[in-house]
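In: Predicted coordinates and the sequence they were generated for:
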Amino acid sequence: MPAFLASFFELASSHYWLVTANFILSVLLGLWIIRYRRLYLSAREDQNNTDELIENLSEGIYRSLPNGAQIKANKALVRLNGYSTEREMLAAVRNIAKEWYVEPGRRAEFKFLLETQGQVVDFISEIYRHKTRERIWITESARVVRDKHTGRTLYYEGSVREITETVKRLKLEEQFSKLMREVPGALVQFEQTPDLRSTTVTYLSPGFERITGIPMQEMYENPAIFLKGVPVDEQEQYTSALSWVDGVPKPYDIEHRFQHRDGTDRWLRVSATPEICNGVVIWHGYMSDVTLRKNNEIAVQRLAYFDTLTGLPNRRAFLDRMACTVGRCSERRDRAALLFIDLDNFKSLNDTQGHDVGDQYLVQVARRLTAAVGESDLVARIGGDEFVVVLEGIGVSDASAARQAITVGNRVIAAMRESFRLGDVSHRASASIGVVVFDGESAAPDEILKRADIAMYEAKSAGRDSLALYDPVSMSRESERYQLLADLRDAIASPGEQFELHYQPQMDGAGCVVAAEALIRWNHPVQGMIYPDRFIPLVEQFGLIGDLGAMVLKRGVERLAHWRADPALSQLRLAVNLSVQCFQSDDLVPRLAKLLSDYRVDGAKLTIEVTEHVMARDQKVIAGRMEELKQLGVRLSLDDFGTGYSSLTYLKKLPFDEVKIDGSFVADIETAENDRVLVKTILAMARTLDLAVVAEHVETFRQEAFLRAHGCDCFQGWLYSKALPAESFAAFVRALAPQRAIAEIA
């Protein structure tokens, strides 16, 4: 073959393979381009899906530069900062370090952690909602994105979640926990099945362990452990309190004794409200330690109801017991008896041997009397050397009861005849006893006591060291009493002629007259001046007190109007005592309102004194009446404070302005420590309750000094003046006016 043909074929062959190679390469390139496009589109779709996911997350996602500029934010972060769009937010944010964090240095801490650790997780900060400047709490997590080649920080990216409500809740929980640790009482919650067989404690605040001494875990594991600290005789309170009434549980509020784990005796108050849920009762309760208050109440009650020397019940306790005894006699239709015991020649023993020996004698008498009667019989000391014994259930007829009473009386006489050993003194004594048998229908307790007193004087008249039985036929005093009642009816029918008001001054600490108490006097046409202690019991017993009270109230308002016209008297207040019947009258408030209006008297000038006996009748009606009086501006005073068991309760519940310390306590504050303690307690309680205090029956400068030293506001008694007629009272006030002016100048 020629050489040129061989060259041609060689050239043609190489060109063919070149074309073929180019073709194959073109095909491969096309296939690669198609695959790459598919990968690109898939990656782009994945990126779009990722962007959409990030955009719709509930947490805020961001990207920011190290200098604080924000370059990316999802919808959640935009909303968190108070904006509508990402563009609006990115345009507004300049430097998140300065614009976002409440604490200026907080961003620097966050940035330091990022740079040193590469990431931060759950970094909690208080920030401003950027647009509104509202302060919120967030938790933030982020990482650093660096250049792979140079390691230079490119940007930060992270997430933000608002935790404001969580922080608030944690703060509330912290505050609640602190409150529960420091509150003096304890919150208690427990569940109980209706049959009371299963109890589960669900919550105890820390105060429970402090109050009871029982570890909370022990109480959770064994709720019955609490009752072991409650006296057996008081555990029934819980059973009755937790019982259902008419098919539903009722709220309860009880007080009981409790022995703390440290061995001390406490008083607890426990109150709880029930909630029925899924067939069980959930009790929400509160427990508090009321030991101090209860001990004070018990001390006040003991001072008021027990004789401090002998430990026997006193006159007040005796009258309460007598009232109960009379009621029981009426219910059972049987008889009881009262023995009035007066010690013969006691004054002679006291005068010759001294009060210490006399006191020893009285203590031993109390012991012998208690030993001479039955366990259910009452022995009380009602005066210096006067004792009484109440015998119940001693027969169904007067004759059988009298025999039983005389038998006990003779035992007492025999016990009193035995020699008393009083230190170095041997004393032989005796007693005179008056006996009254009563049935609960014929006489009230006061009247029974009077009859026993009369019978005792008959025994003394018969030569002492003996006993006398009350005989109503021979009692001339009863006819005298009825004659006095008839005279009273006539006098009340024409009150302007025989009744008048006298005024006893009430002095302040500077020795100035600031008020007066109106005291009624009866100018009897035959017997002369009669004081209230003699005729008021008759007036009350026979239903005449309403008319007399209305007259006193009218006279009192008239006197205030008269004082208003006198510069020396215009600032004085007047106190008037109203009876139970007056308070129960529906026209009391309208009548008084009309009097104040007619005489143009400021209600604040009038003080109405109320005794506990008034409030004991119908507390709801009396409380309402007192509120109506307060609306007239009238002041209210609790009279004879300390003589009644419920006085503290009334002070807490009713709108009193002042209390009057009973004169029986004032009389003995110079010599009796118990009375001094009681008076100081009353004054302290009055200060706590923001009440004024008036002490009555002040008769010595030492009494005044003691009362003044312990915060008494006003003083009333014979140390300053007896109750005076209107003109004499006015002269008394005017006589003190120059002294007051000098005191004010000084």
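Out: Arrived safely, thanks for sending.

In: All the helices of the stretch 1-150 of the chain, residue numbers only.
Out: 3-55, 75-80, 86-92, 96-99, 106-117 (DSSP state H, counting those that start in this stretch).

In: Could you give the average pLDDT over the first one?
Out: Mean pLDDT, taken over the full extent of helix 3-55, equals 65.

In: and what of the third one?
Out: The predicted model assigns helix 86-92 a mean pLDDT of 87.

In: and Ile96, how far is that from Ala76?
Out: Using C-beta to C-beta, to the nearest Å, Ile96 is found at 16 Å from Ala76. All C-beta atoms are positioned from the backbone trio N, CA, C, and that covers glycine.

In: Tell me which residue is most central in this protein.
Out: Residue closest to the average C-alpha location in the chain (C-alpha atoms, centre = their mean): Lys652, at 6.8 Å.

In: looking at this, that one is in a strand?
Out: No: Lys652 is assigned helix when assessed by DSSP: H, G, I helix; E, B strand; the rest coil, not a strand.

In: For it, list the residues it contacts.
Out: Leu689 (C-beta atoms under 8 Å, 6 or more residues apart in numbering).

In: Let me know the pLDDT of it.
Out: For Lys652, the pLDDT comes out at 73.

In: do the one 4 residues further on as well
Out: In this model, Phe656 is scored at 89, pLDDT.

In: now swap in Thr407 and tell me
Out: 92.

In: before we move on, what about Leu595?
Out: 93.

In: What helices and strands are in contact with whichever strand or helix holds it?
Out: Using DSSP states H and E, Leu595 maps to helix 588-598. Contacts defined by 3 or more C-beta pairs under 8 Å, 6 or more residues apart in numbering; DSSP states H and E place helix 588-598 against helix 545-564, helix 619-631.

In: buried stuff in the longest one?
Out: When neighbours are counted by 16 or more other C-beta atoms under 10 Å, the buried residues of helix 545-564 are found to be 545-557, 559-561, 563-564.

In: Stretch 29-38 now?
Out: Within stretch 29-38, no residue is scored as buried using 16+ other C-beta under 10 Å.

In: Tell me, how many residues neighbour Lys594?
Out: Counted with other C-beta atoms under 10 Å, the neighbours of Lys594 add up to 12.

In: so who does it touch?
Out: Residues near Lys594 by C-beta under 8 Å, 6+ apart: none.

In: Distance of it relative to Asn577?
Out: Counting by C-beta to C-beta, the gap between Lys594 and Asn577 amounts to 21 Å.

In: do Gln360 as well
Out: Taking C-beta to C-beta, one finds Gln360 at 40 Å from Asn577.

In: More neighbours: which of the two?
Out: Between Gln360 and Asn577, counting by other C-beta under 10 Å, Asn577 is the more crowded of the two (23 against 18).

In: Quick check: closest non-adjacent residue to that one.
Out: Glu609 (4.3 Å; C-beta to C-beta, 6 or more residues apart in numbering).

In: How many neighbouring residues does Arg535 have?
Out: Careful, residue 535 is Phe; it's not Arg. A total of 22 residues lie near Phe535 under the criterion other C-beta under 10 Å.

In: which SSE is it in?
Out: If you go by DSSP H and E, Phe535 is part of helix 532-541.

In: Show me what that helix is packed up against.
Out: Against helix 532-541 (3+ C-beta pairs under 8 Å, 6+ apart) you get helix 476-493, strand 513-524, helix 545-564.

In: quick one: the helix or strand following the shortest one to chain centroid distance?
Out: Along the chain past strand 513-524, the next helix or strand (assigned with DSSP H and E) turns out to be strand 528-530. Using C-alpha atoms, centre = their mean, to the nearest Å, we find the averaged C-alpha position of strand 528-530 to lie 46 Å away from the chain's own average C-alpha position.

In: pLDDT (mean, whole number) over strand 528-530?
Out: pLDDT averaged over strand 528-530 gives 87.

In: And that strand, what does it pack against?
Out: Packed next to strand 528-530, using 3+ C-beta pairs under 8 Å, 6+ apart, are strand 513-524.

In: So what touches stretch 216-234?
Out: Counting by C-beta under 8 Å, 6+ apart, residues outside stretch 216-234 touching it are 190, 199-201, 204, 206, 208-209, 212, 214, 235, 238, 256-261.

In: got it, and stretch 84-100?
Out: The contact list for stretch 84-100 (C-beta under 8 Å, 6+ apart) reads 64, 67-75, 77-78, 81, 83, 104, 107-108, 111, 127-128, 130-131.

In: Can you tell me how far the residue nearest to Phe420 when sequence neighbours are not counted is from Arg107?
Out: Of all residues not flanking Phe420 in the chain, His427 sits nearest, at 4.5 Å (C-beta to C-beta, 6+ apart). Distance, His427 to Arg107, by C-beta to C-beta: 97 Å.

In: And the strands in the stretch 601-746 of the chain?
Out: Here the stretch 601-746 of the chain has its strands, by DSSP state E, counting those that start in this stretch, at 606-610, 635-641, 658-661, 692-695, 714-715.

In: Columns mean neighbour count on top of the ones you listed, output as JSON lines?
Out: What follows is those, written out as JSON lines (neighbours: other C-beta atoms under 10 Å):
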{"stretch": "strand 606-610", "mean neighbour count": "24"}
{"stretch": "strand 635-641", "mean neighbour count": "22"}
{"stretch": "strand 658-661", "mean neighbour count": "25"}
{"stretch": "strand 692-695", "mean neighbour count": "23"}
{"stretch": "strand 714-715", "mean neighbour count": "23"}
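
In: one step back: so how far is the helix holding Leu595 from its chain's centroid?
Out: Using C-alpha atoms, centre = their mean, the offset of helix 588-598 from its chain centre is 34 Å.
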